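S.K.: Just need the structure, nothing else, for what follows:
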Amino acid sequence: MSDADNHVYLLGTFHFLTPGDYPLDARVYAALDQADLVLLELPPETLEDPHLARRLERAGTLRPEARSLRQRLDAPSWESALALARGAGIEPARFERMEPWYAAMVLTLAEMAKAGLDPDLGMDRHLAREAVRRGKQVRGLETLEDQIDLFRGMKPSVQLAHLRDVVARAHELRAEVAWLHAQWRQGDEDALYWGMAAAMRARDPAFYARINTQRNAAWVSRIKSILDGPEAEDALVAVGALHLVGAEGLVQQLAAAGYRVERL
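M.R.: I've put the predicted structure just below:
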């Protein structure tokens, strides 16, 4: 994306990758070298926080007085969810005390790991390390607290609907994630849109609006401020590929706002 004096490189990341995904395409490192500022979903100090998983678990644990996950779900959904949790090595007592949004996240991440994808190899972490090594300014578009509030602030009905969807589709998730990873590797934005964004919006519109549409609107404003600012500053904005595709995606929104768009 560019105007008269600024360039913003938009990069759709995959949060979990494999050793075979590295090194990245040379154009990614060229954009990183040119950028004065690197914006990621979360700042480097959060991505590298050794207590990150514990902080998430603490936020995703029900308060003692709250109804348990077993009490919130219908019996068939609970039994299916519990079987998935056991398969992921999660103790039933611990799983029962999870917030619905966190339970859905944990089960999804377990299926991604089974597909051979590793969060420690995620593109966001790799870019954060490379940007810091190159002496770049690196900032987060959000904080961990923002992301936790994003999930925790969902209506209970939305959280439970999303958890039921994850449980019902668990047998498909591993193959789906592997397919999406392959489409991401090929840069097939149409496949990513229809297989990820459009599919999620059709299945779970309230969840999609919360994690994608609303956040994209905030990020578009941030990117516009870079393009319209007085400094001749170039930036690399690297966020999950979901946020780039479709009419709600950053690319089409910025193109519609009149900025020059070129796919490299």
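S.K.: Look up how far residue 14 lies from the nearest residue to residue 19 once chain neighbours are set aside.
M.R.: Counting by Cβ to Cβ, 6 or more residues apart in numbering, residue 121 is the residue found nearest to residue 19 once chain neighbours are left out, at 6.6 Å. From N, CA and C alone the C-beta is placed, and that goes for glycine too. Using Cβ to Cβ, to the nearest Å, residue 121 is found at 10 Å from residue 14.
S.K.: if you count what's nearby, which of those two comes out ahead?
M.R.: residue 14 (21 against 17; other Cβ atoms under 10 Å).
S.K.: OK, contacts around that one?
M.R.: By Cβ atoms under 8 Å, 6 or more residues apart in numbering, residue 14 lies in contact with 21, 117, 122, 123, 181, 184, 240, 241.
S.K.: what about the residue nearest to residue 19, distance to residue 21?
M.R.: Computed as Cβ to Cβ, the residue 121 to residue 21 distance reads 7 Å.
S.K.: go on, residue 60?
M.R.: Computed as Cβ to Cβ, the residue 60 to residue 21 distance reads 28 Å.
S.K.: Then residue 109?
M.R.: Per Cβ to Cβ, residue 109 is found 18 Å from residue 21.
S.K.: Likewise for residue 7?
M.R.: Separation of residue 7 from residue 21 (Cβ to Cβ): 25 Å.
S.K.: and if you look at residue 164?
M.R.: Between residue 164 and residue 21 the computed distance is 32 Å (Cβ to Cβ).
S.K.: for residue 37, phi and psi?
M.R.: Torsion angles at residue 37 (phi, psi; degrees, to the nearest 10) stand at phi -130, psi 140.
S.K.: Neighbours of the spatially closest residue to it that is not a sequence neighbour, how many?
M.R.: The spatial neighbour of residue 37 that comes closest, neighbours along the chain excluded (Cβ to Cβ, 6+ apart), is residue 235 at 4.3 Å. By the criterion of other Cβ under 10 Å, residue 235 has 25 neighbours.
S.K.: cool, the one 5 residues further on as well?
M.R.: Residue 240 has 18 neighbouring residues, counting by other Cβ under 10 Å.
S.K.: Likewise for residue 129?
M.R.: Neighbour count of residue 129, defined by other Cβ under 10 Å: 14.
S.K.: To which secondary structure element is it assigned?
M.R.: helix 123-133 (DSSP states H and E).
S.K.: what's downstream of that helix, the next helix or strand?
M.R.: Next element after helix 123-133 (DSSP H and E): strand 137-140.
S.K.: Show the average pLDDT along that following strand.
M.R.: For strand 137-140, the mean per-residue pLDDT is 96.
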